[in-house]
Each structure stands twice: as structure tokens, then as C-alpha cells.
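In: Please work out how this folds:
(2 chains)
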Amino acid sequence: MKQKFKSFLAGTTLLVVLGATLVGCSSGVKLDTPVEDKIGTSTMGGGTGGGANTGQGNNGGVTTVDLGNVNGVNGGPANVSKVIYFDFDSYLVKPEYASVINAHVQFLSSRKTTKISVEGHTDSSGGREYNLALGQKRAEAVRRAMALSGLNESQIEAVSFGKEKPTDLAGDDTAAAKNRRAEISYR
Amino acid sequence: MTNTEPIISPAWSPNGGQLAYVSFESRKPEVWVFDMNTRARRLVAGFKGSNSGPSWSPDGRTLAITLSRDGNSQIYAVGASGGEPTRLTRSDAIDTEATYSADGKSIYFMSDRGGAPQIYKMAATGGGATRITFTGNYNISPASSPDGKWLAYISRAGGGYKLFVMDLSSGVANAITDTNADEKPSFAANSKLIIYATKLQGKEVLMSTTVDGRVKSRLGGASGDIREPAWAQMGN
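Out: Numbers count the residues shown, from 1 in each chain, chains lettered A, B, ... in the order given. The predicted structure is shown next:
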């Protein structure tokens, strides 16, 4: 592991973070890949359409879908979305997500040792560090909403990925709306 | 370092012996420092919430970082080997992207405390801040030159993000590129060149420019996307 870092840095005093295609780097270390999210909460489209929060409000064309059949202590409550979408330049958890918030809080309240992190994300415009802070505001808004619904604060952590993990790379307005989100991740 | 999670915001220590960066490998942003001599790394900031935006003090002893552990993103100082951070800003807004001035007495940073992101300056020990940028409603990513004369930053202008350079003695700032997706300026040790990331024909590339914008060149990376440059300050 150290060796890989060394070869990546060899012969240069200029460090850069590389994008997805790392041609010319002998180490093959992927430093910054806009990967698909591994926790499986960001599956967009093709949903069942039966969720409590489906199709309500204006998400810029995004339909929030139920993820379904995600169960067990590590998976959160069954048939409840783990993605909350935000309007452009907004950190407001829209009222349509009240049932989603409550379902997670209820699930966690009966499992005091289960923890979640709320991961805030932004669309791709603007600086990386500023977007990291903006994503944090979204995660924090969800954390507060859950705390107000009675969730024990020790069970939740709000964190941010900024613009580093888009779910939709298309670069248009629809994609941007899908990327402005907070994801609830069970640990 | 072998992981598929992103790494952002690399920052070289003043003597070039260490590299601070933000890694998402623990499914949250944390600040690590990699030591070039020992090839070992250490976690400098892994507090609750997000940890990001490292910047070295000129003496290499302190890192200014952004933490959200008290709610909103604020700037803290932490020893280069870690420990308990000292909070430097106290706003109810976002304060981030701290960067030390060349003499180490001040910190430039970005804040949206006035309703839009602008660049401010405060004492390195924290406290009250003075606004530095007044043109435009989106000014971020400050970088001060080692000779203390210039401040480079990114400004949203005309629908794009452009590299600006301000003469700190007069406060006059000019856009010095004709690209529209400029990011993350970093000065060379001689204060005459700035490296930055941008997009050319849809590709993420690195460019260097003279401070006046007259001479530019594209750096390396014939294929693949490159971003987030950081110029080591050792030597000339």
C-alpha cells in the first residue's frame, strides 16, 4: 500500500488527484472515481411507485422510489426509502418526507444499538470544499429532523460527500436534481 | 492508499515532507497526513461529522481544517500530529477553505456568512474577519502567494467559474483565464506561476499560468481526467 503511494508520487513535486481514467499511472491506484454508491440506497428509477413519498412535490422530475425488501437490523425498515431529495440551493427537508423520517426513527428507537449515518450530497456545480459543507447542511437537516422525532443522537451521524459521489453523471438538470440528496446508511 | 473512495484537497507541508489530504475511505471525510520519509500516515482529524480542507501553517506545526462537529462547518486549528482542535471561527454560516498567509499571521477563508460565498481574512488565532472579495456573488478557494502579494481565487462569473488574481496591495482583481470551469488554484514557490484545474473540450486538465495570465500551459496527463493540484513549496 505504501509502495503504491510512493510510485504514484515518484518524480514529481506536484500532486494531483486523478479522475476516473488513470492512464499513465503505474500504481493503478484509483484515487477519485465517481463510483456508484455501494450501500444500495441510491437506486433510482424503476421503482414500485407504492411508497409513502412517491411522486409528491417537485423534485425537478425525480420520483422518489421505494427500495423495497430491504430488511433486517443492518438494512433499516422494509419498504421505506433511504433517499431524501432537496430542491436547488435548499436544505429544507420537505414535508413529504415526514413519513420516511418517522419510519426510520421508529425502527431505530426499538434497536438502540443500531446506528446510521446521513450522507449529504450536492449537484456538481461549484467548488469541492464548499459543496462538502453544503452537503453537510443537508445531512444536518435530516439529522435534526430525526432528533426532533425522538431519535437518540448517539445513533446518528451527519456526514457529507459534497459533489464527489453523484448518482447521475448526465450533467443536466434532471441529473442535478437526483444528485441533491441525503442518503440514510445503516451501519 | 489503495481504495476506490475519493480523495480531495491535497496540501503539501511547507518543507514538502508531508502531505495532508481528505479521504472518504471511512464513508465520511477525514483529514490524513502522509509522511514522505516514513511512508506512514496518520489520522489528524476524524471527528464526528465531516473533516476537511487542510492547510499548513508556514512553520509546518499547525493545520487549519474545517470540522462540522459542532453543527455547521467551521474552521479549527489542530496540531500537525493531531490532538484537540481549537475553534477559530464562530459563525452560524459555512466557514471553510482556510489558507494561511505567507507570514503565518493571517488566515484567508471562504464564508457564506453574508448570504453568499465570499473570501475573508482573519488572524491566525481566530476572531473577527475582514471581507476581501466584493465583486460577484460566488468567490471561493483562496490561495495566497508565498511572497504575500497576490491572492488567487475562483469566482463565478458569466455562468462559469474563473480564476481571478487580486493584487493584495490595491485590492484590484482580474480574471486571467478564458476557460469556464476553473478550480483550486495553487501558487508555485516563486509566486510567479499558478497551477489550477479546469476543463478543456470536456476533459479535466491542469494548467499553469503566470500571475498576469499572459503565459499558460497545459500540464501532463494526455488522457484521463486530472484535478485538485497542489504545488509543493520546497525549493525554487
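In: How confident was the prediction at whatever residue of chain B ends up closest to chain A?
Out: Relative to chain A, the nearest point of chain B is residue B:225 (2.5 Å; C-beta to the nearest C-beta). Where you see a C-beta, it was placed from the backbone N, CA and C, and this is true even at glycine. Note for residue B:225: predicted pLDDT of 76.
In: Next one: it from residue B:183, what distance?
Out: Distance, residue B:225 to residue B:183, by C-beta to C-beta, to the nearest Å: 12 Å.
In: just the helices in chain A please.
Out: Using DSSP state H, the helices of chain A run over residues A:2-9, A:98-109, A:128-148, A:173-179.
In: Look at the residue nearest to residue B:41 when sequence neighbours are not counted and tell me its secondary structure.
Out: Nearest residue to residue B:41 in three dimensions, chain neighbours excluded: residue B:34, at 4.4 Å (C-beta to C-beta, 6 or more residues apart in numbering or on different chains). Secondary structure assignment for residue B:34 (DSSP: H, G, I helix; E, B strand; the rest coil): strand.
In: For chain B, which helix or strand comes out least confident on mean pLDDT?
Out: strand B:226-231 (a mean of 80; mean pLDDT, DSSP states H and E).
In: how far is that one from where the chain is centred?
Out: In terms of C-alpha atoms, centre = their mean, to the nearest Å, the centre of strand B:226-231 is found 10 Å from the chain centre.
In: Report all helices and strands that it contacts.
Out: Counting contacts by 3 or more C-beta pairs under 8 Å, 6 or more residues apart in numbering or on different chains; DSSP states H and E, strand B:226-231 packs against strand A:14-18, strand B:7-12, strand B:183-187, strand B:193-200, strand B:203-210.
In: Now render the ones you listed as a markdown table, adding distance to residue A:87 and mean neighbour count.
Out: As requested, the helices and strands packed on strand B:226-231 are arranged in a markdown table below (distance: least, C-beta to C-beta, whole Å; neighbours: other C-beta atoms under 10 Å in any protein chain shown):
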| stretch | distance to residue A:87 | mean neighbour count |
| --- | --- | --- |
| strand A:14-18 | 30 | 21 |
| strand B:7-12 | 25 | 23 |
| strand B:183-187 | 25 | 24 |
| strand B:193-200 | 27 | 22 |
| strand B:203-210 | 28 | 19 |
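In: need the ones you listed in JSON lines with distance to residue A:147, can you?
Out: Formatted as JSON lines, the helices and strands packed on strand B:226-231 follow (distance: least, C-beta to C-beta, whole Å):
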{"stretch": "strand A:14-18", "distance to residue A:147": "35"}
{"stretch": "strand B:7-12", "distance to residue A:147": "29"}
{"stretch": "strand B:183-187", "distance to residue A:147": "35"}
{"stretch": "strand B:193-200", "distance to residue A:147": "38"}
{"stretch": "strand B:203-210", "distance to residue A:147": "39"}
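In: Mean pLDDT and distance to residue B:81 added to those, as a markdown table?
Out: As requested, these are exported to a markdown table (pLDDT from 0 to 100; distance: least, C-beta to C-beta, whole Å):
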| stretch | mean pLDDT | distance to residue B:81 |
| --- | --- | --- |
| strand A:14-18 | 56 | 21 |
| strand B:7-12 | 92 | 16 |
| strand B:183-187 | 95 | 24 |
| strand B:193-200 | 94 | 28 |
| strand B:203-210 | 92 | 31 |
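In: Indicate which one of the ones you listed is closest to residue A:89.
Out: Evaluated over the helices and strands packed on strand B:226-231, closeness to residue A:89 peaks at strand B:183-187, with 19.7 Å, by C-beta to C-beta.
In: That closest one pairs with which strands?
Out: strand B:193-200 (antiparallel) (DSSP bridges).
In: related to what we said a few turns ago, tell me the angle of the least confident helix or strand of chain B relative to strand B:183-187?
Out: Using axes from the mean of the first three to the mean of the last three C-alpha atoms, to 10 degrees, the inter-axis angle of strand B:226-231 relative to strand B:183-187 is 20 degrees.
In: State the distance from the residue of chain B closest to chain A to residue B:60.
Out: Distance, residue B:225 to residue B:60, by C-beta to C-beta: 31 Å.
In: between these two, who's got more neighbours?
Out: residue B:225 (20 against 14; other C-beta atoms under 10 Å in any protein chain shown).
In: Could you list the low-confidence segments of the chain?
Out: If you meant another chain, say so; for now it's chain A. Along chain A, the parts satisfying pLDDT under 70 run over A:1-74.
In: ah, I was thinking of chain B
Out: Using pLDDT under 70, chain B drops low at B:1-2, B:220-223, B:233-236.
In: List the contacts of the nearest residue to residue A:150 once chain neighbours are set aside.
Out: Excluding the flanking residues, the one nearest residue A:150 by C-beta to C-beta, 6+ apart is residue A:105, at 5.9 Å. Residue A:105 makes contact with A:146, A:149, A:150, A:151 under the criterion C-beta atoms under 8 Å, 6 or more residues apart in numbering or on different chains.
In: I'd assumed residue A:101 was in contact with the second one.
Out: This means residue A:149. Yes. Under the criterion of C-beta atoms under 8 Å, residue A:149 makes contact with residue A:101 at 5.7 Å.
In: residues near the residue nearest to residue B:41, how many?
Out: Here the number of neighbours of residue B:34 (other C-beta under 10 Å) works out to 21.
In: and it, what are its bridge partners?
Out: Residue B:34 has these beta-bridge partners by DSSP bridges: residue B:19, residue B:41.
In: go on, residue B:96?
Out: Under the criterion used (DSSP bridges), residue B:96 bridges to residue B:110.
In: Could you do the one 10 residues further on as well?
Out: Here residue B:106 sits in beta bridges with residue B:123, as judged by DSSP bridges.
In: what about it, how many residues close to it?
Out: By the criterion of other C-beta under 10 Å, residue B:106 has 19 neighbours.
In: repeat for residue B:83
Out: Applying other C-beta under 10 Å, we find 10 residues neighbouring residue B:83.
In: same deal with the one 10 residues further on?
Out: Here the neighbour count serves as a burial measure; for residue B:93 (other C-beta under 10 Å) it reads 17.
In: Pretty sure it sits against residue B:112.
Out: Yes. Between residue B:93 and residue B:112 there is a contact at 5.0 Å, judged by C-beta under 8 Å.
In: returning to what we had before: which one, of the helices and strands packed on strand B:226-231, ends up nearest to residue A:157?
Out: With C-beta to C-beta, the closest approach to residue A:157 among those belongs to strand B:7-12: 19.7 Å.
In: So what's the gap between that closest one and the chain middle?
Out: Mean C-alpha position of strand B:7-12 versus that of the full chain (C-alpha atoms, centre = their mean) differs by 8 Å.
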